[in-house]
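Q: pasting a predicted model and its sequence here:
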Protein chains: 4
Amino acid sequence: MNDRSQQLERWEERTDALLAVASLVFLAGYAVRILGHDLPLVWRDVCLGFTYAAWALFAVDYLVRLWLSGLRPLRFLRTHLLDTVVLLLPLLRPLRMVTEYDKIQRRRDQPRLTLYVRVMAYAGLSSILLGFAGALTVYSYEYGAPGASIRTFGDSIWWACSTLSTVGYGDVSPVTPGGRVTAVGLMACGLALLGAVTGSFSSWLVQVFTREDEKRPPGNSPGAS
Amino acid sequence: MNDRSQQLERWEERTDALLAVASLVFLAGYAVRILGHDLPLVWRDVCLGFTYAAWALFAVDYLVRLWLSGLRPLRFLRTHLLDTVVLLLPLLRPLRMVTEYDKIQRRRDQPRLTLYVRVMAYAGLSSILLGFAGALTVYSYEYGAPGASIRTFGDSIWWACSTLSTVGYGDVSPVTPGGRVTAVGLMACGLALLGAVTGSFSSWLVQVFTREDEKRPPGNSPGAS
Amino acid sequence: MNDRSQQLERWEERTDALLAVASLVFLAGYAVRILGHDLPLVWRDVCLGFTYAAWALFAVDYLVRLWLSGLRPLRFLRTHLLDTVVLLLPLLRPLRMVTEYDKIQRRRDQPRLTLYVRVMAYAGLSSILLGFAGALTVYSYEYGAPGASIRTFGDSIWWACSTLSTVGYGDVSPVTPGGRVTAVGLMACGLALLGAVTGSFSSWLVQVFTREDEKRPPGNSPGAS
Amino acid sequence: MNDRSQQLERWEERTDALLAVASLVFLAGYAVRILGHDLPLVWRDVCLGFTYAAWALFAVDYLVRLWLSGLRPLRFLRTHLLDTVVLLLPLLRPLRMVTEYDKIQRRRDQPRLTLYVRVMAYAGLSSILLGFAGALTVYSYEYGAPGASIRTFGDSIWWACSTLSTVGYGDVSPVTPGGRVTAVGLMACGLALLGAVTGSFSSWLVQVFTREDEKRPPGNSPGAS
């Protein structure tokens, strides 16, 4: 078992940089394929190829980890929930950045991020990535649909922002069934995550004020002490 | 008294499967009656019949439980609030699924769901059921109304999702008095429930991060220990 | 001082019923005056008269209480904040119903409402009253304005509900400066109150589930014990 | 070090009034420049001049404080986060009013504001200032844009209020890229702050009710004790 966990660690060290590049390729390939509807077909197919290749890398990485963990697939799925979610939605891969930053801070013997800040970082980053992916997907459905109010990618980003903040102006909104199903998914995931951000921010603010209260003695003119 | 609680238990064992089927029949009957406005009248009346029959079963079950409990009606109403709500809104019957799952887990000696997860499951399931029922009811009012923006059942589902998430695009919205009253009811129930889901999710996220913090010692390179 | 508090108590006992009637008269007078724009002018002036008379009663009651309390005006204002708010917005008078219900429960030696339920009752009732008053006031501004989308009182109620739930469809919305200022006031007060309701409901739900957890022993088939 | 903190104190005493005036000049200059599009160009340039001059004052104040603190720039930036934010967004300068009020209360030996009230005051004030600045900036982009629905500054204020409360009617909404980017910034900052206000208000309400519960003995007819 100890042997395996060493192998796992070595595997992670070697593949970390490759997978970070692959996740960028995945995002870029997906975005170019959708946004570049004026590009020649061959280029769009190349993009699709890159996207699938990146996804294949993630799948291979997942299988190697499964094998190295020595667990049964179902149990691995349950104990490595974040990895599984990242496999299905590689757009969320950059979430690992938070963990990486944490590791770097630890090596330098600097204090870790506090709990609330980490929740905010994770949930905020997820919201941004899901919002970007949602805007891309909705745009791919709405582009060219008759009667669509989302006509440019800028409209789509604007729509995603107004949806995630639950403002929902309704000046632009999806009209195709595919676009609407994506929108409902974005609402369900995004709102819960944003709720976590707002809740953590509020708790953190109260914490900061409480600490300030304790630091400052009752009679606190700066020159008195 | 002990005798009665045994009778109650036997009653529940015998009727559980029947009532589960009845609740499906109720939902299906209600949905087909509203969505099938092109069916011959006789079929729609059959659906109505099934719906009322399912409701009658729930009423009989409620009365038998009331009798077996040996309590006065008003006291029973207060101590069995969930049962009463389910009697009035049989659409919420599937909520009992969460309790059933809980029982199965206990039989297998597996850990129960944590508090937050159960609140999320109950409130999330209620939101979905209420949203579906609200979309059906609003559709039945809006269908064929002059100047209505909700024209298909898909529009109605889209409207219910945008309402429950408080996004409220307003590209489709009810215009008939009946539809609007249903909408206000959906807002009142649904928003409170979704607030519970978001709040629980946020608390659960903080809990997961806290536990992870405790599990992981300060110097946590995986191979070091 | 003790003498004065006895006088205060006697004053409250004698005026409670009168003030409750006055608050109903105030609400009814305000509503009839705004909704009855087809009534002869004399009737509308009568309504206005009743409204002012009810307000005058509240002012007299406030002054008598101030005198009986023996406090300086500014101090009284600060320690009796709810009374002052009720003086300025007599529409909130029915809030005292919650306190009355509490007193009745105590006389019958029945348990008081729990903290969360009382917060929900107060804040929910305030939201309904403020929403009703806001709908009335906005209607009085919008009625007959050119280009208004709020044309009937039903539209105004629908608008108030969609505003208080922060859904905000935007199918109807105020266009006059007066209506918009009222709307901003409604948002500011109402949202804070609804936040309190949602927060309390969520806390109460968690509390109920926690208590249920404790009540039920781990192996809880009903017939086993 | 003690010498420097005394110098810092003297610096703050001397510049406080000047900076308060400068922050008013900044706000007024920014507002007049945007709202006065019918003024002769020379006046608008004067406004711009005043705005930049006020900003320069803030920059000088920041540098002097940095020098007096004896810290390295990066460390100062991290420990004086609020000052840095105020330097970048001088519109938030009035936030210091809360601290000033606190100091005055302390001099008079009166109790400080409670934690929740201070969080509410800070976050509420920030929301109002950010909302006002956002409305100004959006108006400057939308004014005169073809197809804009925000045509007067009143429309812009109305839009900002409906955005900050997440109601989002959508009857008016920005259409220019610049206006939309500002809007997204307003959503991101404002919503988090308003979440803090709502959360604090809710906590404060619960606290008030809890205290009232404890104060009042079970049998609390006022004349009995």
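A: Arrived safely, thanks for sending.
Q: give me the distance between the two termini of stretch A:65-74.
A: Its start and end residues considered, stretch A:65-74 measures 13 Å (Cα to Cα, to the nearest Å).
Q: report whether that stretch contacts chain B.
A: No. Stretch A:65-74 lies apart from chain B when judged by Cβ under 8 Å from any Cβ of the partner chain; the minimum separation is 11.3 Å. Backbone N, C-alpha and C define where each C-beta goes, glycine included.
Q: for residue A:174, give its distance to residue A:160.
A: Distance of residue A:174 to residue A:160, given as Cβ to Cβ, to the nearest Å: 11 Å.
Q: need the overlap of contacts for the two.
A: Residues touching both residue A:174 and residue A:160 (Cβ atoms under 8 Å, 6 or more residues apart in numbering or on different chains): residue A:138.
Q: burial check on residue A:35, number of neighbours?
A: For residue A:35, the count of nearby residues is 16 (other Cβ atoms under 10 Å in any protein chain shown).
Q: how about it, nearest residue that isn't a chain neighbour?
A: The shortest distance from residue A:35 to any non-neighbouring residue, by Cβ to Cβ, 6 or more residues apart in numbering or on different chains, is to residue A:153 (5.8 Å).
Q: same check, this time on residue A:148
A: Per Cβ to Cβ, 6+ apart, closest to residue A:148 is residue A:142, 4.5 Å.
Q: mind listing what that neighbour touches?
A: Counting by Cβ under 8 Å, 6+ apart, residue A:142 has contacts A:148, A:150-151, A:156, A:174-176, A:179.
Q: repeat that for residue A:204.
A: By Cβ under 8 Å, 6+ apart, the contact set of residue A:204 is A:114, A:116-117, A:120.
Q: out of the residues you listed, which end up buried?
A: The neighbour count (16 or more other Cβ atoms under 10 Å in any protein chain shown) marks A:116, A:120 as buried among the contacts of residue A:204.
Q: and the contacts of residue A:204 near chain D, which?
A: With Cβ under 8 Å from any Cβ as the criterion, the contacts of residue A:204 include none near chain D.
Q: JSON lines for the contacts of residue A:204, including distance to residue D:9, secondary structure and pLDDT?
A: JSON lines is the format used below for these (distance: Cβ to Cβ, whole Å; DSSP: H, G, I helix; E, B strand; the rest coil; pLDDT from 0 to 100):
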{"residue": "A:114", "distance to residue D:9": "31", "secondary structure": "coil", "pLDDT": "72"}
{"residue": "A:116", "distance to residue D:9": "32", "secondary structure": "helix", "pLDDT": "75"}
{"residue": "A:117", "distance to residue D:9": "32", "secondary structure": "helix", "pLDDT": "77"}
{"residue": "A:120", "distance to residue D:9": "35", "secondary structure": "helix", "pLDDT": "80"}
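Q: just flag the most distant two among the contacts of residue A:204.
A: Across those, no pair lies farther apart than A:114 and A:120, at 9.6 Å, counting by Cβ to Cβ.
Q: now do the residue nearest to residue A:35, the pLDDT please.
A: Residue A:153 is assigned a pLDDT of 93 by the prediction.
Q: and what of residue A:221?
A: Looking at residue A:221, its pLDDT reads 38.
Q: residue A:113 now?
A: For residue A:113, the pLDDT comes out at 66.
Q: gap between the helix or strand containing residue A:17 and the chain center?
A: Element membership for residue A:17 (DSSP states H and E) is helix A:2-35. Centroid displacement of helix A:2-35 relative to its chain, using Cα atoms, centre = their mean, to the nearest Å, is 14 Å.
Q: and the next helix or strand past that helix?
A: Next helix or strand after helix A:2-35 toward the C-terminus (DSSP H and E): helix A:41-69.
Q: tell me the first helix or strand C-terminal of that following helix.
A: Proceeding N to C from helix A:41-69, the next assigned helix or strand is helix A:73-79, under DSSP H and E.
Q: and that next one, what does it pack onto?
A: Applying 3 or more Cβ pairs under 8 Å, 6 or more residues apart in numbering or on different chains; DSSP states H and E, one finds that helix A:73-79 contacts helix A:41-69.
Q: list the buried ones in the helix it packs on?
A: A:44, A:47, A:50-51, A:54-55, A:57-58, A:61-62, A:65-66, A:68-69.
Q: again with stretch A:172-181
A: Across stretch A:172-181, burial judged by 16+ other Cβ under 10 Å covers A:172-176, A:179-181.
Q: separation between residue A:62 and residue C:35?
A: Look at residue A:62 and residue C:35: by Cβ to Cβ, they are 65 Å apart.
Q: sorry, wrong one. I was asking about residue A:126.
A: 49 Å.
Q: likewise residue A:54?
A: Using Cβ to Cβ, we find residue A:54 at a distance of 64 Å from residue C:35.
Q: do residue A:13 as well
A: As judged by Cβ to Cβ, residue A:13 and residue C:35 stand 74 Å apart.
Q: tally up the residues packed near residue A:72, please.
A: Using other Cβ under 10 Å, residue A:72 is surrounded by 10 other residues.
Q: then residue A:123?
A: 25.
Q: OK, contacts around it?
A: Neighbouring residues of residue A:123 by Cβ under 8 Å, 6+ apart: A:193-194, A:196-197, A:200, B:205.
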